[in-house]
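Undergrad: sequence and predicted model, in that order:
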Amino acid sequence: MDKKNFYLEIKHVDKKTKARYGILHTPHGDVEVPMFMPVGTLATVKTLSPEEIKEMGSGVILANTYHLHLRPGEDIVKEAGGVHEFMKYDGPMLTDSGGFQVFSLQSQRKITEQGVEFRNDYNGDKEMFTPESVIKIEEAIGADIIMSFDECIPYPVSYEYAKKSTERTLRWAKRGQEAHTREDQALFGIVQGGEFEDLRGYCAQELAKMDFPGYSIGGTSIGEPKDICFKMIDYAIKYLPEDKPRYLMGVGSLDYILGGYERGIDMCDCVLPTRLARHGALMTSHGRVNIKGAEYKCDFTPLDPECDCYTCRNYTKAYLHHLFVCNEEFGKRLNSIHNIRFLIKIVEGAREAIKEDRFQEYKDEVLAKYGDERGF
RNA sequence: GCGGUUAUGGUGAAGUGGUUAACACAACCGGCUGUGAACCGGUCACUCGCGAGUUCAAGUCUCGUUAACCGCC
């Protein structure tokens, strides 16, 4: 990886926490960290156009190697000119490797040292993902940041299994790194290790030795308690190089996001805001709003008067309620615009707070306001 | 006027005389964390048109009655 193409420029570290503010330079532009990345599995953030995503202030968006391999196939994405050209998004992009699908589709696959066997449900073919083949697919897709092929270890899990799996994930990281050829893509290593301090530490140290341009912390937000998630970060992050970006995978509720930033995380992603939006759960400055509720039928006020998004500037809760009840696509879109913007605005506030050495206060204030038991 | 058919929640309806009246939609309330997710879960008929009867036991059988629909005068 050419250092001129991709690097993290740390501008400021919060005096009282490990939170850091910086600029991540990528082949498709510079973005500020810490940041939140919306998920666009199939080369689309469901219901949203690239213009809408940009207007929300989103830095990077994700796509998924496993899903794009199945449909339409990486060769078609490559023929289109790469994922940016394919979906007409010229900002930075990241592809997840399919490691999470090894976890979420676990009933239909078999893990071996070589890789993961699975069945292509669209044509019935038996296929195998290996650390090398996944990198090859990610190169064809062409995102700016790509992930190593890993196994996302379930929670809870035995120490023996976590150890075996983590060692294998490390070998896979090495194999992926050796297979990676494109100079304009940053390949991240992924720290696994379950909830075990020694395994997390060992995995982080071994990955650090391999000198990746960035590091992910994986195996998080899969049902483990919050304190365990934070420990998994702490166990790993002290061994990760300061000057490289750290990506906390799959984390999307406010307490986890801000808790991650507090510990030195630079980027995280989650389907939560977009999925909640499509299912009618909206994140607002006065708590969660289930827009399908009958109480909004005649509520002609904006969803969140404190929000500057397109939805809140133009539409009422009564209208959003109506669209949801009628299962109208436009409702899902307006809801998604709002939830992502809401989250990104809080992240923007976090960046400002870090610059002014008041991240702790900001976090406490935000969580006191939104992050209660019915929070998000 | 005569003969026949039907009658079960807001709706569409299941329901050999035997616990708690199936299921679906609607309604109401939740959930969703590197998206197999326009998804998933919960609540919603102390009662089967009405009235008698038979029976240990009736939404189910019998009689009467009312209503709707279909025939025939």
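TA: Looks like it came in fine. Residues are numbered from 1 along each chain as shown, chains lettered A, B, ... in the order given.
Undergrad: and the pLDDT at residue A:292?
TA: Looking at residue A:292, its pLDDT stands at 97.
Undergrad: what segments of the stretch 201-350 of chain A are strands?
TA: A:214-217, A:246-248, A:267-270, A:281-284, A:287-290 (DSSP state E, counting those that start in this stretch).
Undergrad: actually the stretch 1-150 of chain A, sorry about that
TA: Counting by DSSP E, counting those that start in this stretch, the strands of the stretch 1-150 of chain A are A:7-13, A:20-26, A:29-33, A:35-38, A:61-64, A:93-96, A:109-111, A:116-119, A:126-129, A:145-147.
Undergrad: now those strands as CSV including distance to residue A:355, mean pLDDT and mean neighbour count?
TA: The way it works is simple: take the backbone N, C-alpha and C, and place the C-beta from them, glycine included. Listed next are the strands of the stretch 1-150 of chain A as CSV, based on distance: least, C-beta to C-beta, whole Å; pLDDT from 0 to 100; neighbours: other C-beta atoms under 10 Å:
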stretch, distance to residue A:355, mean pLDDT, mean neighbour count
strand A:7-13, 5, 98, 16
strand A:20-26, 5, 98, 21
strand A:29-33, 10, 97, 17
strand A:35-38, 14, 98, 25
strand A:61-64, 25, 97, 24
strand A:93-96, 25, 98, 28
strand A:109-111, 44, 93, 14
strand A:116-119, 43, 94, 18
strand A:126-129, 41, 94, 15
strand A:145-147, 24, 98, 28
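Undergrad: re earlier: for the strands of the stretch 201-350 of chain A, give me JSON lines that also has mean neighbour count and distance to RNA strand B.
TA: Shown next, in JSON lines, are these (neighbours: other C-beta atoms under 10 Å; distance: least, C-beta to the nearest atom of the strand, whole Å):
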{"stretch": "strand A:214-217", "mean neighbour count": "28", "distance to RNA strand B": "6"}
{"stretch": "strand A:246-248", "mean neighbour count": "28", "distance to RNA strand B": "9"}
{"stretch": "strand A:267-270", "mean neighbour count": "25", "distance to RNA strand B": "5"}
{"stretch": "strand A:281-284", "mean neighbour count": "23", "distance to RNA strand B": "3"}
{"stretch": "strand A:287-290", "mean neighbour count": "16", "distance to RNA strand B": "4"}
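Undergrad: kindly reformat these as TSV containing distance to residue A:168.
TA: What follows is the strands of the stretch 201-350 of chain A, written out as TSV (distance: least, C-beta to C-beta, whole Å):
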stretch	distance to residue A:168
strand A:214-217	16
strand A:246-248	21
strand A:267-270	24
strand A:281-284	37
strand A:287-290	40
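Undergrad: enumerate the residues of the stretch 151-300 of chain A near RNA strand B.
TA: A:152, A:190, A:216, A:218-219, A:221-222, A:249-253, A:256, A:269-272, A:274-276, A:278-281, A:288, A:290, A:292-295, A:297 (C-beta under 7 Å from any atom of the strand).
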